[in-house]
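>>> Model the following, please.
(one chain, ligands or ions: 1)
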Amino acid sequence: MITLTKKFEFEAAHRISNYEGPCLEIHGHTYKLEVTISGPIDPVTDMILDFKTFKNLVKKSIIEQFDHALLLKDNEENRKLFEGYAGKIAWMNSEPTAERMLQGMADTLQRLISAPAQLDSLLLYETSSSFACWKNSIG
Ligand SMILES: [Zn+2]
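Numbering: from 1, shown residues only. Okay, here's the model as predicted:
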């Protein structure tokens, strides 16, 4: 089986509001995201998916939402704190951990990648030594 992978980077800040420790404070990461798809090679294009199409799909649906954003759980405490903040906030219905971010990204990309290509796996690096991985259990 052949897979295709695109790598992306984005900057984002977050706070884990239910955490006892330094991650409770707003801090930033240079997130690295690796998106891998699989599928048959199209006999006309000789591609699984054009890398350019692949890149634009991830940029528009994921990167533009998160890049240079403040990622926050949509709860009462955060709403109060950031009521008057005019900057870019990506509200999430969970704590903005790498695991929850990755689950949301997987849901979005699974909807957008059209058959016969499919999302194979995702890696989201929060630091150079810490990452979350999502794997398609069907494929
Ligand atoms: Zn963090």
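>>> Need the single longest helix in this protein, by residues.
With secondary structure taken from DSSP state H, the chain has its longest helix at helix 98-112.
>>> where's Asn78, which helix or strand?
Using DSSP states H and E, Asn78 maps to helix 76-81.
>>> where does the protein have low pLDDT?
For the chain, the stretches with pLDDT under 70 are 138-139.
>>> all strands of the protein, in order?
Per DSSP state E, the chain carries strands over the ranges 3-14, 27-38, 69-73, 89-92, 118-127, 130-135.
>>> Highest mean neighbour count out of those?
The highest average neighbour count among the strands of the chain, using mean count of other C-beta atoms under 10 Å, belongs to strand 69-73 at a mean of 21. (Glycine included, C-beta is placed from N, CA and C.)
>>> what does it contact?
Strand 69-73 is contacted from outside by 12-15, 17-18, 26, 78, 82, 85, 87-96, 101, using C-beta atoms under 8 Å, 6 or more residues apart in numbering.
>>> Send over the helix holding Asn78 as PDB, restricted to the C-alpha atoms.
Below are the C-alpha coordinates for helix 76-81, written out as PDB (Å, rounded to 0.1, in the frame of the first residue of the first chain):
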ATOM      1  CA  GLU A  76     -17.700  29.600  32.100                       C
ATOM      2  CA  GLU A  77     -14.300  30.400  33.600                       C
ATOM      3  CA  ASN A  78     -12.600  31.000  30.200                       C
ATOM      4  CA  ARG A  79     -15.600  32.900  28.800                       C
ATOM      5  CA  LYS A  80     -15.400  35.300  31.700                       C
ATOM      6  CA  LEU A  81     -11.600  35.700  31.400                       C
END
